[in-house]
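# no FASTA, just this:
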Ligand SMILES: NC(=O)C1=CN([C@@H]2O[C@H](COP(=O)(O)OP(=O)(O)OC[C@H]3O[C@@H](n4cnc5c(N)ncnc54)[C@H](OP(=O)(O)O)[C@@H]3O)[C@@H](O)[C@H]2O)C=CC1
Ligand SMILES: O=C(O)[C@H](O)COP(=O)(O)O
């Protein structure tokens, strides 16, 4: 997987049954932690990409017909290998994406659990037999035997922020269902993703079943997504890129998890300590670079001051610094992203938002901001910063909270904090999002729950069983018999 070039690591792609050096074009990868040089990735060209898809197509004809229980065995082995290598992989991830070490480690072990659970779940996917005579005019001589079959070749495109988990959450359900996979990981995150792929390879996965493509999304993306051999696209990333792909590819089924602007709605009867601790954990972990991060607070005016009082010390106490020291606030993925976050902060401050915790920018590191009195005329009320910045929007009553929550173009998750279950359900029922958390921060998981984005936040449902179902289709074989004995 790794060869030395000029004394530096060069990551190869896995295609067919080999770690391949495909061509001389390469990309340099630097660490967002300290700018150090991490190594090279290959820039695959159209010929290399064609080869990867051809391998996946060829393998799908065999893999599809392997007994499901045998496919599951490869996943069990992969999960164990990942666990054995958890510390090594977590370190690679920490330097590659500047996520704190503890979270990197738990991402790897969570992924092993995810893969194992996918194998378990696949063994519960059964079919059904439907008797024909349920419909008027038919006799007992006709049966439809309905089962799930794979779609063929799945293109998995993953983002930088969960390079292992959001690659595996596409690969594992796809493979165990009998699809083959071509993975295009985020460029910043690809080294970690290739370590995941190596675990599958070392588990003995047959030739061509899992293949990888590296290269800049904005250069090879169109060619990859529109490739004739792609039967299904499973994408996680920004709404901008997701929408672009959806517009360009015609008649290809899609599963997309995109951006979010998750609101934490705090009602008058909320437990404010619980709300404050959940909101701060939800908003600032991994410096807010999570699609499910709490990205705005909508609080009823009558309890807003009290909530703010509880939030301020929690935000002030967040550890800022190095991922090796398990800081919560670590450098953002790059300086461009940090500059965008500051653009939103500065615009809100210029328009009168109150910085109750005032952060600062040092290159790609942003110290946390908590801004009060953000209003609907500020970009920060609507745009997704993907950084450690949390706006507080004060609302007069519950209906205004619901109205503002739903005005967002996004619809991933929301939280509602209330000690009155009827009030919480009143709000939950009216929110236009995939999931509502009652008295908890917004978050994905446990991973067998459905994870759904609506509006600009996605298409379809992820979650182990749901992903398996999404990457399969029903196939009916109709058995016609004669009710006679000759
Ligand atoms: N809802 C969810 O589950 C999640 C959503 N997200 C969202 O993702 C964003 C951050 O992740 P980020 O990685 O920056 O997202 P991007 O959309 O920039 O990139 C996601 C993936 O798409 C690739 N890509 C980029 N351009 C194209 C293209 N034209 N065609 C095909 N693929 C392309 C990228 O490759 P390359 O790196 O080479 O550019 C990367 O692999 C945030 O908006 C966040 O909310 C993130 C995680 C989970
Ligand atoms: O990409 C994301 O940000 C994740 O899907 C969120 O996952 P989490 O809620 O487990 O952090």
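Received, thanks. The structure displayed is predicted, hence computed values, not measured ones. Ligands and ions are numbered 1, 2, ... in the order given.
# shouldn't residue 406 be in contact with residue 432?
Yes - Residue 406 is within contact range of residue 432, at 4.8 Å (criterion: CB atoms under 8 Å). To be clear about C-beta, it is placed using only N, CA and C from the backbone, and glycine gets the same treatment.
# residues from this protein in reach of ligand 1?
Residues of the chain lying close to ligand 1 (CB under 6 Å from any ligand atom) are 157-161, 184-187, 216-218, 221, 225, 236-238, 241, 244-245, 257-260, 291, 384, 386, 412, 453, 458.
# Swap in 5 Å and give it another go.
Residues of the chain found near ligand 1 (CB under 5 Å from any ligand atom) are 157, 159-160, 186-187, 216-218, 221, 236-238, 241, 257, 259, 291.
# From those residues, list just the buried residues.
Buried members of those, counted by 16 or more other CB atoms under 10 Å: 157, 159-160, 186-187, 217, 221, 236-238, 241, 257, 259, 291.
# Give the rounded mean pLDDT of the longest helix along the chain.
Counting residues, the longest helix found in the chain (DSSP state H) is helix 101-122. When pLDDT is averaged along helix 101-122, the result is 98.
# Buried residues, that helix. List them.
Buried, per 16+ other CB under 10 Å, within helix 101-122: 101, 103-105, 107-108, 110-112, 114-119, 121-122.
# chain center to the helix or strand hosting residue 309: distance?
According to DSSP states H and E, residue 309 maps onto helix 301-316. Offset of helix 301-316 from its chain centre (CA atoms, centre = their mean, to the nearest Å): 30 Å.
# Does anything pack onto it? Which helices or strands?
Contact here means 3 or more CB pairs under 8 Å, 6 or more residues apart in numbering; DSSP states H and E; on that basis helix 301-316 packs against helix 272-284, strand 354-357, strand 369-372, strand 389-395.
# Would you mark the buried spots in stretch 78-95?
78-79, 81-82, 85-86, 89-90, 92-95.
# Any idea how far apart the tips of that stretch sit?
Distance between the boundary residues of stretch 78-95 (CA to CA, to the nearest Å) amounts to 23 Å.
# Could you list the residues in contact with that stretch?
Stretch 78-95 has contacts (CB atoms under 8 Å, 6 or more residues apart in numbering) with 31, 33, 36, 38, 99-101, 104-105, 107-109, 111-113, 115-116, 119, 163-164, 172, 191-192, 195-196, 199-200, 202-203, 205, 323-324.
# switch the cut-off to 6 Å
With contacts defined as CB atoms under 6 Å, 6 or more residues apart in numbering, stretch 78-95 is touched by 31, 33, 101, 104-105, 108-109, 112, 115-116, 191-192, 195, 199-200, 202-203, 323.
# re the thing from before, and ligand 2, which of the buried residues of helix 101-122 reach it?
Filtering the buried residues of helix 101-122 for proximity to ligand 2 (criterion: CB under 5 Å from any ligand atom) leaves nothing.
# Tell me which of the buried residues of stretch 78-95 fall in helices.
Residues of these located in helices (DSSP H): 78-79, 81-82, 86, 89-90, 92-95.
# What is the nearest of the residues you listed to ligand 1?
Among those, residue 93 lies closest to ligand 1 (CB to the nearest ligand atom), at 14.1 Å.
# how close does the closest one get to residue 399?
Using CB to CB, to the nearest Å, residue 93 is found at 44 Å from residue 399.
# As a check, name the ranges of all strands in the stretch 151-300 of the chain.
Secondary structure of the stretch 151-300 of the chain by DSSP state E, counting those that start in this stretch: the strands cover 153-157, 180-184, 210-212, 232-236, 254-257, 262-266, 294-300.
# same question, the stretch 301-450 of the chain
354-357, 361-362, 365-366, 369-372, 389-395, 410-411, 413-417, 435-438.
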